[in-house]
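Engineer: Return atomic coordinates for the entry below.
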Amino acid sequence: KKINYQNIKHSLFNIASYIFDKENLLKKEKRIIDFNDLESDVFRLITSSYDNPLLYYISSKYSQLLVDESQDINPIQWNILKAWLNSAVQSDLAPKIFFVGDFKQSIYSFRGSNNNLSREIEKYIRKKYEGMIISLPYSHRSQNNINKFINSISKELFENFDPHITVSKFNNGYVEILNNEDLDQDSEIIDQMLKMYPSSKKGNVIEAHSLCLKILDILKNNLIIKNNELKAIDYSDVIILVDRRTNLDIYQKMLNKFRIPFQSDSNNETLFETDINLICKFLNNPFNNEILLLFINLPFFDKELSHKVKTFEDLTQKSNCSLSEKETLDIIFKWLSIANKIPVYDLLSNIFNFSSLKNYYMKKMGVETWNYEKSSYLNSAHEIDSSRYLNLEKFIMKRKFHKNDNESIQQNQSIKISTIHGAKGLEAPVVFLIDTGKSPYEKTTYSFNVSWNQNFSKVINISPILSSKYHSRHQLKKQQNHIESLKIEKNNLLYVALTR
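Structural biologist: You can find the predicted model right below:
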């Protein structure tokens, strides 16, 4: 049956509108605003009238404007800046402006930036401010062989690419494209990891294994120049970059397996840890309705119960409950009766013996992973003051800071692992780029496409980008344009990674 695109579009907008209204109501109740609110509020404030006194105040106060990473500006930010710059020109108070940017590093389309806007900004500066373009082809960061590699790839990806010119003459640098078959694989470790983490793809497990072997080889057999001296490479000299977080977990697990210390820009908390932390938070404060709603919706509790329970008082109502619901309530009240009365280690052991929880995780993660995750959490309880804590709140805080303390101790002795987005602005002597296989663009196009007019002063269309089977011929063309823009950003991501 053919599904009507307009019906889908209408439904999605209704859902989005409902969520948006609820979110705004919640923010109003909590008296908070987010970054999007800041942008839109400043935009409304600064464009509220043509002769806005605020614009004159800004123009008279600031005579210099420097915008760094200008390729990441989104349309709302640009309209805020443009309102000031237009007003300043008319008031003979035009500031000196200096925009620094690189089209090839535009990787934040999800925040609204795009190459067309960057070109519109460039056109505006040329016309209104008689601006000039200064090209900077000199690379002070990368060595000669690395720049040759970047140039050879970039000339295929970008029109009118200016080749990098190497400034540093310390050494030639080194580039290697690793093939999993080139390294001796330990099939026992690979099979063990595949058994422990069955949801991981075999290719990622093998690559994670190759990565660890190569890191250890580099640390053992290579030297680099630091502060004009030849020194051994240590863990803090290495950064690992990944395009997507999707497969990041197995690489981190393999690093742990090889006892290679690392820092991650993710919170590095497994779903299991998140769930157990939530149970601890609830048992410590059962009258917090926000925590209660998250707690009662945990997947190993009775699903029907989650529809009935909205407050703690609802938990105490056992009338009209099914047998399975009563069993769930009994175990919850058993945990509540011993929480903050027995050591946390013993409380956790009791929680892990709950059959529904145990069966859920054993089925989801496999027996070996369940035992590993459970032991890791219990060990953390034992390590914190030898598990003497009776107070859950102190344990939760102590565990959080205990984890952070370990991270801060290791920060100068550990590898940095990051998404390419998270690594923008960073650099390192040794860079690994992993999980670089082709990504299916069709699967990454479930989003909204926002179209602006030519000078980016007004939104003219918002349309959902769905799977191609839902699109008409006209909408399919829009989807193809969207996929093309994703491909351009993919090229930009590769360039950002290679230039670290």
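
Engineer: So, low pLDDT: which residues of the stretch 51-200 of the chain?
Structural biologist: Within the stretch 51-200 of the chain, the stretches with pLDDT under 70 are 180-184.

Engineer: could you pull out the strands for it?
Structural biologist: 64-67, 96-99, 138-139, 165-166 (DSSP state E, counting those that start in this stretch).

Engineer: so which of the ones you listed gets nearest I73?
Structural biologist: Among the strands of the stretch 51-200 of the chain, the nearest to I73 by CB to CB is strand 64-67 (7.2 Å). Every C-beta, even on glycine, is put in place using the N, C-alpha and C of the backbone.

Engineer: Run the chain-centre distance for the closest one.
Structural biologist: When C-alpha coordinates are averaged (CA atoms, centre = their mean, to the nearest Å), strand 64-67 and its chain have centres 29 Å apart.

Engineer: Partner strands of that strand and their direction?
Structural biologist: The pairing partners recorded for strand 64-67 under DSSP bridges are strand 96-99 (parallel).

Engineer: Off-centre distance for the strand it pairs with?
Structural biologist: On CA atoms, centre = their mean, the centre of strand 96-99 falls 31 Å from that of its chain.

Engineer: follow-up on the earlier one: which one of the strands of the stretch 51-200 of the chain lies nearest to S200?
Structural biologist: Nearest of those (CB to CB): strand 138-139, 36.8 Å.

Engineer: So which elements touch the closest one?
Structural biologist: Judged by 3 or more CB pairs under 8 Å, 6 or more residues apart in numbering; DSSP states H and E, strand 138-139 is in contact with strand 165-166.

Engineer: quick one: contacts of the strand it packs on?
Structural biologist: With CB atoms under 8 Å, 6 or more residues apart in numbering as the test, strand 165-166 has contacts from P137, Y138, S139, S142, Q143, N144, N147.

Engineer: and that strand, which strands flank it?
Structural biologist: According to DSSP bridges, strand 165-166 has the following sheet partners: strand 138-139 (parallel).

Engineer: quick revisit: reformat the strands of the stretch 51-200 of the chain as JSON lines; add mean neighbour count and distance to G437.
Structural biologist: Shown next, in JSON lines, are those (neighbours: other CB atoms under 10 Å; distance: least, CB to CB, whole Å):
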{"stretch": "strand 64-67", "mean neighbour count": "13", "distance to G437": "36"}
{"stretch": "strand 96-99", "mean neighbour count": "15", "distance to G437": "36"}
{"stretch": "strand 138-139", "mean neighbour count": "14", "distance to G437": "28"}
{"stretch": "strand 165-166", "mean neighbour count": "15", "distance to G437": "30"}
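
Engineer: coming back round to it: whichever of the contacts of strand 165-166 end up buried, select them in PyMOL.
Structural biologist: Per 16 or more other CB atoms under 10 Å, the buried members of those correspond to this PyMOL selection:
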select buried, resi 139+142+143+144+147
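
Engineer: Among the contacts of strand 165-166, give me the pair with the biggest separation.
Structural biologist: Across these, no pair lies farther apart than P137 and Q143, at 15.7 Å, counting by CB to CB.

Engineer: burial measure for D51, as a count.
Structural biologist: 9 (other CB atoms under 10 Å).

Engineer: roughly how far apart are it and I331?
Structural biologist: Separation of D51 from I331 (CB to CB, to the nearest Å): 67 Å.

Engineer: same question, P53
Structural biologist: Distance from P53 to I331, by CB to CB: 64 Å.

Engineer: Repeat that for N114.
Structural biologist: In this view, N114 and I331 are 52 Å apart by CB to CB.

Engineer: okay, the two: which has more neighbours?
Structural biologist: N114 (22 against 18).

Engineer: can you tell me which of the contacts of strand 165-166 lies nearest to L248?
Structural biologist: For the contacts of strand 165-166, the nearest to L248 is S142 (25.2 Å; CB to CB).

Engineer: So that closest one is in contact with Y495, correct?
Structural biologist: No - the pair S142 / Y495 is not scored as a contact, 11.9 Å apart, by CB atoms under 8 Å.

Engineer: so what's in contact with the two at the same time?
Structural biologist: What both S142 and Y495 touch, as defined by CB under 8 Å, 6+ apart, is the set I150.

Engineer: so where do the strands sit in this protein?
Structural biologist: 64-67, 96-99, 138-139, 165-166, 223-226, 229-232, 238-242, 262-264, 415-419, 430-434, 447-452, 459-465 (DSSP state E).

Engineer: For S40, find the nearest of the ones you listed.
Structural biologist: Across the strands of the chain, S40 has its closest neighbour in strand 459-465 (12.3 Å, CB to CB).

Engineer: Show me what that closest one is packed up against.
Structural biologist: helix 5-30, strand 447-452, helix 473-498.

Engineer: most tightly surrounded among those?
Structural biologist: Counting by mean count of other CB atoms under 10 Å, helix 473-498 has the highest mean neighbour count of the helices and strands packed on strand 459-465, with a mean of 16.

Engineer: From the contact counts, what lies against that one?
Structural biologist: Secondary-structure packing of helix 473-498 (3+ CB pairs under 8 Å, 6+ apart): helix 144-157, strand 430-434, strand 447-452, strand 459-465.
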